[in-house]
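Participant: Fold the following for me, if possible:
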Amino acid sequence: MVIFGNLKKKKLGLIIQKIQSRNIKPLLCGDWNLNFMVKNKRLQELQNLLESYSVMNTVRSPTRITPSTEFLIDVIITYRDIPILSTAVVDLVASDRLAQIVEINSGEKNRRTKTVVRRQFTHNSFDGFKHLLSKEVWNDIYI
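Facilitator: Next comes the predicted model:
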């Protein structure tokens with residue numbers, strides 16, 4: 001489940017209750033518009049709410065970095081009893097944010113055959129991509 005924006009505590013509580021009533025343990029993730037690196041009353045209230053449902057944020061590093069600031073606003077929330085194998089924040093260069101990766105042990109073996117899909121680049125597809133990029137407005141990009 002992906003959650004974006006200014007999520008209200010009450011609504012988050014209802015979402016978690018609904019999930020718990022179905023006896024599933026999902027990952028809640030997205031941009032929560034709250035910097036988990038800055039301790040304040042709003043963050044403490046959210047952490048208390050998460051704690052009351054035995055869930056936690058697994059992301060520990062900044063997810064948006066500018067020359068003057070660092071933010072941890074993109075989160076992956078999961079239940080405390082789900083075995084986390086690893087977490088990482090990765091710069092994919094395609095966004096103003098860093099990607100978050102969490103590896104969990106679901107306790108089940110992968111029964112599916114792994115399928116790898118690769119994009120085939122040709123001169124025509126690359127030229128088309130460059131043409132589409134040239135038509136984009138880049139005024140809102142800050143470096």
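Participant: From here on, just use CA atoms for contacts and neighbour counts.
Facilitator: OK.
Participant: Next, the contact list for Arg97, please.
Facilitator: Neighbour list for Arg97: Thr63, Arg64, Ile65, Asp91 [criterion: C-alpha atoms under 8 Å, 6 or more residues apart in numbering].
Participant: Compile the residues you listed into TSV and extend it with columns for distance to Asp81, pLDDT and secondary structure.
Facilitator: Output for the contacts of Arg97, formatted as TSV (distance: C-alpha to C-alpha, whole Å; pLDDT from 0 to 100; DSSP: H, G, I helix; E, B strand; the rest coil):
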residue	distance to Asp81	pLDDT	secondary structure
Thr63	24	88	coil
Arg64	28	88	strand
Ile65	30	87	strand
Asp91	28	84	coil
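Participant: Secondary structure element holding Cys29?
Facilitator: Using DSSP states H and E, the element containing Cys29 is strand 28-31.
Participant: Name the residues of that strand that come out as buried.
Facilitator: Neighbour counts over strand 28-31 (16 or more other C-alpha atoms under 10 Å) mark Leu28, Cys29, Gly30, Asp31 as buried.
Participant: swap in stretch 131-140?
Facilitator: Buried residues in stretch 131-140 (16+ other C-alpha under 10 Å): none.
Participant: Can I get it as CSV, trimmed to CA atoms?
Facilitator: Provided in CSV are the C-alpha atoms of stretch 131-140 (Å, rounded to 0.1, in the frame of the first residue of the first chain):
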residue,chain,number,x,y,z
HIS,A,131,13.0,14.0,-28.6
LEU,A,132,10.4,13.5,-25.9
LEU,A,133,12.9,14.8,-23.3
SER,A,134,13.6,17.9,-25.4
LYS,A,135,9.8,18.7,-25.3
GLU,A,136,9.7,18.6,-21.4
VAL,A,137,9.7,21.8,-19.3
TRP,A,138,12.5,21.7,-16.8
ASN,A,139,11.8,24.9,-14.9
ASP,A,140,11.0,23.1,-11.7
